[in-house]
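Chemist: My questions concern the predicted model and sequence given below.
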Amino acid sequence: MFSWLKNPWKRSRGGRKAADPSAPQIIPRGEHGISRKQISDYALKVLYRLNQAGHEAYLVGGGVRDLLLGREPKDFDVATSASPEEVRKLFRNCRLIGRRFRLAHVHYGREIIEVATFRAAHDVDGDGTTSDNGMLLRDNVYGSLEEDAWRRDFTVNALYYTVSDFSVIDHTGGLADLKAGQLRMIGDPQQRFHEDPVRMLRAVRFAAKLGFRIEKEVETAIRELGYLLEEVSNARLFDETLKLFLSGHGVASYELLRHYRLFGQLFPETDACLSEERDLFPHTLLLRALENTDRRIAEGKPVTPAFLYAALLWEPVRRESLLLMRRKMPALQAIQVAGDAVVARQLPRVQVPKRFSLQSREIWEWQERLARSTGKRAQRLMEQPRFRAAYDFLLLRAESGEELAELAEWWRALQESEPVVQAELLRQANRPGLPPEGGNGPVKKKRRRRPRKRPAAPASS
Ligand code: ATP
Ligand code: MG
């Protein structure tokens with residue numbers, strides 16, 4: 001993978017050692033693996049137009065990193081010497097966004113090229129750009145390419161590619177780290193995590209995605225400073241959580257988060273359940289849910305945060321609903337009350353937009369419905385659009401060791417059988433999973449049957 005790096009690397013490194021340590025390493029065209037063919041036409045268009053207007057412009061961040069690694073970039077970010085206003089004047093299809101720092105979004109149909117003006121590291125002289133504990137409050141001081149490189153998070157994320165001579169520019173030693181498969185922080189990890197604790201989650205995400213090792217000092221800082229995540233807004237943590245779990249590397253992200261004790265910062269109640277080691281299945285359930293998600297993403301199938309959250313919070317919900325049932329609350333109500341309570345306690349940590357949390361709650365409630373429905377009711381459930389996610393979740397629980405194998409099998413058989421067998425299954429009075437008479441039975445709603453009108457002619461079959 002790194003054949004392009006072998007020779008040029010030695011030569012360039014030798015050159016750098018003797019020179020000014022702040023001098024960048026420049027990898028010329030032909031000595032690195034990036035070709036224009038791999039870059040989106042729109043990103044190229046933006047780079048060329050900025051250059052033509054006399055501005056510096058580079059591809060930077062994950063795009064360059066992934067191209068050098070032979071991976072397909074998720075998106076293309078551009079860094080430029082032009083101010084956001086200057087960028088806007090050059091592109092009619094451009095919108096300026098962001099309050100903390102202004103970014104230009106250049107729109108081409110559904111593709112957006114993000115163009116950021118070079119920024120300098122924040123001012124550390126205590127002029128109000130950081131909070132008392134070092135967190136960055138303002139980060140919008142414009143700067144040079146070099147300053148822009150040093151304010152980025154990891155060295156492998158601070159590589160710049162230019163179309164003016166097709167070289168790659170490395171100010172921070174990112175190429176060496178890329179070659180070593182290592183995530184190294186630019187600057188002092190402790191300070192950089194204080195400035196922005198989300199960088200800890202980014203370290204985990206990139207380690208999971210790229211299979212990179214997290215450099216020792218960074219590791220030590222993460223172990224010490226995980227608690228700083230408490231200061232991060234729940235909305236930002238929601239975004240990061242989606243990137244961690246819904247980008248195709250969910251299993252690896254989860255395992256690393258647990259390893260570095262960051263998972264508990266995001267999902268404290270779930271983490272507490274997992275740490276008890278009373279049962280294995282909550283852990284298995286999460287792993288399986290994430291495995292399925294990773295597989296679906298690899299196959300290009302859609303995934304939903306609602307299912308993910310249903311899995312992430314299931315164990316606290318399950319336990320709380322059992323407690324409520326022991327206090328004689330009817331099962332369906334217990335799961336609703338427990339679901340509401342767990343979501344309410346989770347929200348201050350990681351925000352979940354209502355449209356997703358409502359769906360997660362439905363998935364939980366449906367677990368009760370699936371357990372207790374027979375006959376016509378079961379058939380009606382099966383015909384509803386919500387059925388699929390609820391059934392998938394039931395399967396997940398069964399596969400993870402909850403005692404639901406028979407029930408899951410019954411629903412599978414019901415879906416896959418011929419109508420005659422289906423009718424037989426629906427008639428079964430003692431379907432597996434049905435709670436015993438007189439136990440913590442289902443919500444006993446009196447069924448009020450409206451007299452049905454007989455159809456004039458018998459329906460087909
Ligand atoms: P991905 O493949 O997920 O897009 P990325 O590295 O491009 O990875 P982005 O979140 O798109 O990540 O950010 C683009 C670049 O901006 C990063 O590569 C990094 O250089 C810089 N950056 C982003 N977030 C931070 C941060 N919190 N602190 C410092 N630099 C950051
Ligand atoms: Mg990116």
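Modeler: All right, it came through fine. Ligands and ions are numbered 1, 2, ... in the order given.
Chemist: quick check, stretch 73-92 touching ligand 1?
Modeler: Yes: using CB under 6 Å from any ligand atom, stretch 73-92 comes into contact with ligand 1 via 74-75, 77. For the C-beta atoms, the positions are set from N, CA and C on the backbone; glycine is no exception.
Chemist: got TSV for those, with secondary structure too?
Modeler: Formatted as TSV, those follow (DSSP: H, G, I helix; E, B strand; the rest coil):
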residue	secondary structure
K74	coil
D75	coil
D77	strand
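Chemist: which among the residues you listed end up buried?
Modeler: Neighbour counting with 16 or more other CB atoms under 10 Å marks D77 as buried within these.
Chemist: and of the residues of stretch 73-92 next to ligand 1, the nearest to L229?
Modeler: Lowest distance from L229 to these (CB to CB) belongs to K74, with 23.5 Å.
Chemist: you'd agree the closest one is up against D66?
Modeler: Yes: if you go by CB atoms under 8 Å, K74 and D66 touch, sitting 7.3 Å apart.
Chemist: Now the stretch 301-450 of the chain against ligand 1: closest residue?
Modeler: Closest approach between the stretch 301-450 of the chain and ligand 1, counting by CB to the nearest ligand atom: V303, at 16.3 Å.
Chemist: isn't there a strand covering that residue?
Modeler: No: according to three-state DSSP, V303 belongs to no strand; its state is coil.
Chemist: Next, it: phi, psi?
Modeler: V303 adopts backbone torsions of phi -130, psi 150, taken as degrees, to the nearest 10.
Chemist: hang on, it packs against L290?
Modeler: No: contact status for V303 versus L290: not in contact, 10.4 Å apart, counting by CB under 8 Å.
Chemist: Now do the shared contacts for those two.
Modeler: Where contact means CB atoms under 8 Å, 6 or more residues apart in numbering, no residue is in contact with each of V303 and L290.
Chemist: So these two - more neighbours on which side?
Modeler: Higher neighbour count among V303 and L290: L290, with 23 against 19, using other CB atoms under 10 Å.
Chemist: residue contacts, that one?
Modeler: Here L290 is in contact with 245, 250-251, 253-254, 311 (CB under 8 Å, 6+ apart).
Chemist: Contacts only, for the residue in the stretch 151-300 of the chain positioned nearest to ligand 2.
Modeler: Closest to ligand 2 within the stretch 151-300 of the chain is N157: 8.7 Å, counting by CB to the ion. N157 is in contact with 61-62, 65, 174, 206, counting by CB under 8 Å, 6+ apart.
Chemist: number of nearby residues for the residue of the chain at minimum distance from ligand 1?
Modeler: Taking CB to the nearest ligand atom, ligand 1 has its nearest neighbour within the chain at G62, 2.4 Å off. G62: 18 surrounding residues under other CB under 10 Å.
Chemist: Run a quick check on it versus K74, I expect a contact.
Modeler: Yes: taking contacts as CB under 8 Å, G62 lies within contact range of K74: 6.2 Å.
Chemist: how about the strands in the chain?
Modeler: Listed in chain order, the strands of the chain (DSSP state E) span 25-27, 57-60, 77-80, 94-97, 103-108, 111-117, 159-161, 168-170, 182-183, 213-214.
Chemist: any chance of these in TSV, plus mean pLDDT?
Modeler: Below are the strands of the chain laid out as TSV (pLDDT from 0 to 100):
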stretch	mean pLDDT
strand 25-27	95
strand 57-60	98
strand 77-80	97
strand 94-97	94
strand 103-108	96
strand 111-117	96
strand 159-161	98
strand 168-170	97
strand 182-183	98
strand 213-214	98
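Chemist: how about the helices of the stretch 351-461 of the chain, start to end?
Modeler: Remark: helices assigned in the stretch 351-461 of the chain by DSSP state H, counting those that start in this stretch are 354-372, 375-383, 387-399, 405-416, 419-427.
Chemist: nearest to ligand 2, of those?
Modeler: helix 354-372 (23.3 Å).
Chemist: re earlier: mind checking how far the residue of the stretch 301-450 of the chain closest to ligand 1 is from A389?
Modeler: As judged by CB to CB, to the nearest Å, V303 and A389 stand 11 Å apart.
Chemist: likewise R288?
Modeler: 15 Å.
Chemist: ok and the residue in the protein nearest ligand 2?
Modeler: Counting by CB to the ion, the chain gets nearest ligand 2 through G62, at 3.7 Å.
Chemist: got the residues of the stretch 101-250 of the chain near ligand 1?
Modeler: 152-153, 157-158, 196, 198-199.
Chemist: Apply 8 Å and report the result again.
Modeler: Residues of the stretch 101-250 of the chain lying near ligand 1 by CB under 8 Å from any ligand atom: 114, 116, 151-154, 157-158, 192, 195-196, 198-199, 202, 205-206, 209, 243, 247.
Chemist: Not counting its neighbours along the chain, what's nearest G143?
Modeler: A120 (2.9 Å; CB to CB, 6 or more residues apart in numbering).
Chemist: How is this protein divided into domains?
Modeler: 1-180, 185-262, 267-437 (automatic domain parsing).
Chemist: ranking the ones you listed by mean pLDDT, which is last?
Modeler: Here the lowest mean pLDDT among those goes to domain 1-180, at a mean of 84.
Chemist: how far does that domain sit from the chain's center?
Modeler: 23 Å (CA atoms, centre = their mean, to the nearest Å).
Chemist: what bridges to the spatially closest residue to Y160 that is not a sequence neighbour?
Modeler: Nearest residue to Y160, sequence neighbours excluded (CB to CB, 6+ apart): Y58, at 3.9 Å. Y58 forms beta bridges with A79, as assigned by DSSP bridges.
Chemist: Done for today, thanks.
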